[in-house]
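**Q** Have a look at this fold, sequence not included:
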């Protein structure tokens with residue numbers, strides 16, 4: 001078993017480091033469910049009062065240049081998708097299909 005983190009790669013293989021912050025806020029019907037799909041990284045979930053969900057994202061991108069990093073950032077914006085009888089929500093950071101349930 002191998003345990004390799006980003007810091008284990010030499011800088012010339014990682015490219016430059018770029019950081020992006022993003023957020024999304026939407027109403028959530030009481031009693032509905034929330035499914036989070038995350039391709040990579042840590043998730044912190046905090047419970048609060050009110051009828052909204054707030055998604056805050058911090059991404060560290062390793063790319064050859066700013067243009068490549070910007071493209072990856074645009075392709076991985078946080079998104080929510082509603083469905084189901086109770087306004088169930090799915091939250092994701094990629095353009096991949098997500099099912100609600």
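**A** Yep, it's here. From a predicted model like this one, the values you see are computed outputs, not experimental measurements.
**Q** which residues of this protein score low on pLDDT?
**A** Scanning the chain for pLDDT under 70 picks out 1-14, 83-101.
**Q** Quick one: the helices in it, in order.
**A** Assigned helices in the chain, in chain order: 11-14, 66-75 (criterion: DSSP state H).
**Q** which other helices and strands contact the longest one?
**A** Other helices and strands packing on helix 66-75, by 3 or more C-beta pairs under 8 Å, 6 or more residues apart in numbering; DSSP states H and E, are strand 16-27, strand 52-63. Every residue, glycine included, has its C-beta placed from N, CA and C.
**Q** quick one, it and strand 16-27 angle?
**A** Counting by axes from the mean of the first three to the mean of the last three C-alpha atoms, to 10 degrees, helix 66-75 lies at 20 degrees to strand 16-27.
**Q** Residue 37: which of the helices of the chain is closest?
**A** Smallest distance to residue 37 across those (C-beta to C-beta): 14.5 Å, for helix 66-75.
**Q** tally of neighbours for the nearest residue to residue 28 once chain neighbours are set aside?
**A** Using C-beta to C-beta, 6 or more residues apart in numbering and skipping the chain neighbours, the partner closest in space to residue 28 is residue 53 (4.8 Å). Close neighbours of residue 53, defined as other C-beta atoms under 10 Å, add up to 17.
**Q** Minimum distance to residue 38: which of the helices and strands packed on helix 66-75 has it?
**A** With C-beta to C-beta, the closest approach to residue 38 among the helices and strands packed on helix 66-75 belongs to strand 52-63: 9.8 Å.
**Q** which residues touch that closest one?
**A** With contact meaning C-beta atoms under 8 Å, 6 or more residues apart in numbering, strand 52-63 is reached by 6, 14-28, 34, 41, 48, 69, 72-73, 76, 78, 80, 89, 91, 93.
**Q** Could you rerun that using 7 Å?
**A** If you take C-beta atoms under 7 Å, 6 or more residues apart in numbering as the criterion, strand 52-63 is touched by 6, 14-28, 34, 69, 72-73, 76, 78, 89, 91, 93.
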